[in-house]
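In: Predicted model and sequence below, questions to follow.
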Amino acid sequence: MTPPEGPAQTGGPHHTEELAVRAAAGDQRALDELLRTIRPEVVRRCGRFLLYQEDAEEAAQDTLLQVSRNIGRFEGRSKFSTWLHTITANCARQKYRELKRRAQEMATPPSETSQPVDPRTTSVIAGSRLDLLDALERLERDSPHLVTPLVYRDICGMEYAEIVERLGIPLGTVKSRLHNARRQIRPWLSNFA
């Protein structure tokens, strides 16, 4: 059985792109449907960065809020999915930074009344995805131009053509930066497979 064609079709990347264009033009119904449509994918992508489902859900909520607030800036020159990957990666990494900062604050002066440890903040120290995020933070300090290609390709799973389109640099440059990023972070990763 083949899916229906035309405007009655719901779901799928083409439908999402169409919703994004309509939402960017100010169509509130299209924005509401777009947010409902992309939510499961956004949660899944945030889960690539964050171990705990609750953290991935919070980062996804932040992503959807950013999409809602900034959809008017989406001009349709690149694919909406590419634009969304960028926002998702940034929100997930921001959530990680927040958790890491919270973990460091809790680790500093021990209080007289010991509180139960929040496993979400302690998980910032353990786990392969979190080792990768630490490596990304370090890479951002040392070679910031290498971070985005690595995030887009290895974490977001974007195609090279999408990365080229999003960054506006040649394919050879993307591949070179990706190679250098992988080579640079490899020694920093203890558990990342």
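Out: Yep, that arrived. Numbering: from 1, shown residues only.

In: Could you chop the chain up by domain?
Out: According to automatic domain parsing, the chain comprises the domains 14-106, 126-193.

In: tell me the pLDDT at residue 9?
Out: pLDDT, residue 9: 40.

In: Please apply the same query to residue 77.
Out: Value listed for residue 77 in the pLDDT field: 78.

In: gap between the most centrally placed residue in the chain and residue 135?
Out: Geometric centre of the chain, nearest residue: residue 89, 2.0 Å, by C-alpha atoms, centre = their mean. In this view, residue 89 and residue 135 are 15 Å apart by C-beta to C-beta, to the nearest Å. For the C-beta atoms, the positions are set from N, CA and C on the backbone; glycine is no exception.

In: Residue 51 too?
Out: Going from residue 51 to residue 135 by C-beta to C-beta gives 15 Å.

In: Please name the residues that touch the residue nearest to the centre of the chain.
Out: Contact partners of residue 89, counting by C-beta atoms under 8 Å, 6 or more residues apart in numbering, are 45, 49, 151, 152, 155, 156.

In: If you rank those by neighbours, which is first?
Out: residue 151 (26 neighbours; other C-beta atoms under 10 Å).

In: can I assume that residue is in contact with residue 136?
Out: Yes: at 6.9 Å, residue 151 counts as touching residue 136 under the criterion of C-beta atoms under 8 Å.

In: what residues are shared contacts of these two?
Out: residue 93.

In: quick one: buried residues of the helix or strand where residue 101 lies?
Out: If you go by DSSP states H and E, residue 101 is part of helix 80-107. By neighbour count on 16 or more other C-beta atoms under 10 Å, the buried set for helix 80-107 is 80-93, 95-96, 98-100, 103.

In: now that helix, how far from the chain's geometric center?
Out: Centroid separation for helix 80-107 versus its chain: 8 Å, with C-alpha atoms, centre = their mean, to the nearest Å.

In: could you give the mean pLDDT of it?
Out: Mean predicted confidence for helix 80-107 is 85.

In: In contact with the residue nearest to residue 153 when sequence neighbours are not counted, which residues are there?
Out: Closest residue to residue 153 apart from its sequence neighbours, by C-beta to C-beta, 6 or more residues apart in numbering: residue 178 at 5.6 Å. Taking C-beta under 8 Å, 6+ apart as the criterion, residue 178 is in contact with 146, 149, 150, 153, 154.
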